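*Asks:* let me see the structure of the following:
(one chain, ligands or ions: 1)
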Amino acid sequence: MRKARVLIDRDFAIGHTDPRLFGAFIEHLGRCVYGGIYEPGHPTADEKGFRKDVLALVKELGPTLIRYPGGNFVSGYNWEDGVGPLAARPARLDLAWFSTEPNSFGTNEFMDWCRAADVAPMMAVNLGTRGGDAARSLVEYCNHPGGTAWSELRRKHGWDKPHDIKLWCLGNEMDGPWQMEHKSAAAYGAIASEAAKMMRWVDPTIELAACGSSGRNMPTFGQWEDTVLEHTFDHVDYVSLHTYLNNYRQDTASFLASPDLMDSFIEEVVALADAVAAKRRSNKRLMLSFDEWNVWYRTRRSRADRVKEGWPVAPPILEEIYTMEDALAFGGACISLLNHADRVKVACLAQLVNVIAPIMTETGGGAWRQTIFFPFAHMSRFGRGKVLRTQVESDSYDSSYYDPRGVQELTFPVSNVPYLKVAAVAGEGGGLSIFLLNRDLKRDMQVNVEARGFGRFAVSQAIELRHDDLHATNTKDTPERVKPAPLQEGTIEGGLLRAHLGPASWNVIHLSVH
Ligand code: AHR
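*Replies:* Okay, the predicted model is just below:
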């Protein structure tokens, strides 16, 4: 049995979690929209065509914010195609995913869906094939009350009140050669700052995120942020970053170490943003929008593969089936996000339904939870409040992580990986939640947690997600093979919390404080 010790002090805080840290993402991609959240004719569909079985699972999952409509899709999207009478909406070739986009779901339907799901929107504008003019028109269409051509058009379309969308992405992954009208950092910086300026002139209350790097392994990482932020620093509030974790090499220990590289990535982007501030002698601090993160590697497809399939509508692509092992790496990523709550204010799990998603559906059939559903739901439910610093004493291991994303194939060292990865959040209601990932694949772990400054506490909930088979999955036929269970061994002894964690396990302990 391994032993570990965690020390927490109520007064030593990292920062408060922004409610938008618990976001997710809906892209016009595969069956995320069509057959996912929207399926007129489905037995559970409401009058707007929204699947109520999916809405119920979304509410259980607990996302607070949804990024839309892409992703790579947005870089070729004409938002005007997705508004107005359905019969008049054009079908278009989508060059991001080699699909046909019917445009029967667009901005207004998305906003209605957000209201039904009780989530806030994060809207991305097309800075690939389009630019500042289309972006400022979209802000006017969505947020201007009336009396102008675009705002009156929205009213004519049936949405009298402005949508009042507060958070906007200035394009998507513009550093990636796979992007439609991919740009150099200088070219993107110029277009993003001009678009931002005009969008804010239309609605000064909006917040804007500039595209940072689409992965830590991008050859331009660092230089990209520096140049883009030199252009956009005065016009934006956030810089974005994206990460997809993988286990291509079937090396579970490295896979579970890989969230620690998310910690490094976040800290590096903070340093890059603050270096731009320093050069300006500015005390403005840009915040981070981690607006795509997840595990994704099995269902990646080359452009050549996509072309072979023709131009289907809503094909079943990127339908990653998540394992128990994936849920552990995913839980590690949740802990990384929580532990950077001071600077990561927005984050979006990519994506929400069917496409690399926590929720799966059968078109015309049922819906179920994938393994990664549970750590996210726990993070959203127990992660609201003040994240505390954790002093962790745990054995550690060294590893290396293979990350072939982008145009480079790289292996990164990950050193001193503690077997125990932890986050602690003092909740607004006075309780304390502790998230514990045991990365030892074979051995149990005895963890002693000393929480100073809290007085007397009691275990009010202790949850474990674990399965003897790390490759276990939830499917249509076995939807509950992997699911949380009570963690039997969380006890308080002499003011210390003693928890007994199973090998390769994700655990959440919620303490009520007296
Ligand atoms: O989430 C899937 C894709 O991954 C997104 O469209 C893109 O932004 C990223 O490369």
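
*Asks:* taking the stretch 251-400 of the chain, what residue is nearest to the ligand?
*Replies:* Relative to the ligand, the nearest point of the stretch 251-400 of the chain is residue 350 (4.1 Å; C-beta to the nearest ligand atom). C-beta coordinates here come from the backbone N, C-alpha and C atoms, glycine included.

*Asks:* quick check: which element contains the closest residue in space to that residue that isn't next to it in sequence?
*Replies:* Distances taken as C-beta to C-beta, 6 or more residues apart in numbering place residue 292 nearest to residue 350, at 4.0 Å, with adjacent residues excluded. When elements are assigned from DSSP states H and E, residue 292 belongs to strand 287-295.

*Asks:* in its sheet, what does that strand sit against?
*Replies:* Each strand paired with strand 287-295, and its direction, by DSSP bridges: strand 238-245 (parallel), strand 344-350 (parallel).

*Asks:* list the buried residues in whichever helix or strand comes after the last one.
*Replies:* Under the assignment DSSP H and E, the closest C-terminal helix or strand after strand 344-350 is strand 359-361. Judged by neighbour count (16 or more other C-beta atoms under 10 Å), strand 359-361 contains these buried residues: 359, 360, 361.

*Asks:* likewise stretch 195-208?
*Replies:* For stretch 195-208, by 16+ other C-beta under 10 Å, it's 195, 196, 198, 199, 200, 202, 203, 206, 207, 208.

*Asks:* what mean pLDDT does it have?
*Replies:* For stretch 195-208, the mean per-residue pLDDT is 98.

*Asks:* what sits up against that stretch?
*Replies:* In this structure, residues lying in contact with stretch 195-208 by C-beta atoms under 8 Å, 6 or more residues apart in numbering are 125, 127, 131-133, 135-136, 139-140, 143-144, 165-170, 210, 232, 235-238.

*Asks:* pull up the distance across that stretch, start to finish.
*Replies:* From its first residue to its last, stretch 195-208 covers 10 Å (C-alpha to C-alpha, to the nearest Å).

*Asks:* where does this structure dip in pLDDT?
*Replies:* Judged by pLDDT under 70, the chain has its weakly predicted residues at 405-409.

*Asks:* which residue, other than its chain neighbours, is closest to the closest residue to the ligand within it?
*Replies:* When scored by C-beta to the nearest ligand atom, the chain has residue 71 as its residue closest to the ligand, at 3.0 Å. Spatially, and ignoring its direct neighbours in sequence, residue 71 is nearest to residue 27 (3.6 Å; C-beta to C-beta, 6+ apart).

*Asks:* that neighbour belongs to a strand, doesn't it?
*Replies:* No. The assignment for residue 27 is coil, going by DSSP: H, G, I helix; E, B strand; the rest coil, so no strand is present there.

*Asks:* so which residues on the stretch 301-450 of the chain come close to the ligand?
*Replies:* Within the stretch 301-450 of the chain, the positions near the ligand by C-beta under 6 Å from any ligand atom are 350, 351.

*Asks:* so where do the helices sit in the stretch 301-450 of the chain?
*Replies:* 303-308, 324-338, 373-382 (DSSP state H, counting those that start in this stretch).

*Asks:* before we move on, what about the stretch 1-150 of the chain?
*Replies:* Going by DSSP H, counting those that start in this stretch, the stretch 1-150 of the chain shows helices at 52-61, 107-117, 132-143, 149-156.

*Asks:* of all the ones you listed, which one is nearest residue 265?
*Replies:* helix 52-61 (24.6 Å; C-beta to C-beta).

*Asks:* which elements pack onto that closest one?
*Replies:* helix 107-117, strand 359-361, strand 367-369, helix 373-382 (3 or more C-beta pairs under 8 Å, 6 or more residues apart in numbering; DSSP states H and E).

*Asks:* what lies in contact with the longest one?
*Replies:* Taking C-beta under 8 Å, 6+ apart as the criterion, the residues outside helix 107-117 that touch it are 26, 37-38, 46, 48-50, 55, 58-59, 63, 66, 68-69, 79, 82-83, 120-121, 123, 138, 141-142, 154, 157-159, 163, 165.

*Asks:* which residues does the closest residue to residue 226 other than its chain neighbours contact?
*Replies:* Distance criterion C-beta to C-beta, 6+ apart; nearest residue to residue 226, sequence neighbours excluded, is residue 272 at 6.2 Å. With contacts defined as C-beta under 8 Å, 6+ apart, residue 272 is in contact with 222, 225, 226, 229, 239.

*Asks:* out of the residues you listed, who's nearest residue 277?
*Replies:* For the contacts of residue 272, the nearest to residue 277 is residue 229 (8.6 Å; C-beta to C-beta).

*Asks:* quick one: the closest one and residue 270 touch, right?
*Replies:* No. The criterion here is C-beta atoms under 8 Å, and residue 229 misses it with residue 270 at 11.9 Å.

*Asks:* for the two, indicate the residue with more neighbours.
*Replies:* Remark: of residue 229 and residue 270, residue 229 carries more neighbours, 26 against 19, as counted by other C-beta atoms under 10 Å.

*Asks:* enumerate every residue touching the closest residue to residue 34 other than its chain neighbours.
*Replies:* Excluding the flanking residues, the one nearest residue 34 by C-beta to C-beta, 6+ apart is residue 314, at 3.8 Å. Contact partners of residue 314, counting by C-beta under 8 Å, 6+ apart, are 30, 31, 33, 34, 35, 99.

*Asks:* max pairwise distance over those residues: which two?
*Replies:* 35 and 99 (12.3 Å).

*Asks:* is it true that residue 209 lies in a strand?
*Replies:* Yes. The assignment for residue 209 is a strand, going by three-state DSSP.

*Asks:* what pairs with the closest residue to it other than its chain neighbours across the strands?
*Replies:* Distances taken as C-beta to C-beta, 6+ apart put residue 238 closest to residue 209, at 3.8 Å, once the chain neighbours are dropped. Beta bridges link residue 238 to residue 209, residue 287 when assigned by DSSP bridges.

*Asks:* residue contacts, the nearest residue to residue 373 once chain neighbours are set aside?
*Replies:* Distances taken as C-beta to C-beta, 6+ apart place residue 358 nearest to residue 373, at 4.0 Å, with adjacent residues excluded. By C-beta under 8 Å, 6+ apart, the contact set of residue 358 is 24, 61, 322, 349, 352, 369, 370, 372, 373, 376.

*Asks:* residue 75 now?
*Replies:* 96, 126, 127, 128, 129, 171, 172, 174, 179, 180, 181.

*Asks:* how about it, nearest residue that isn't a chain neighbour?
*Replies:* Nearest one to residue 75, counting by C-beta to C-beta, 6+ apart, is residue 128 at 2.9 Å.
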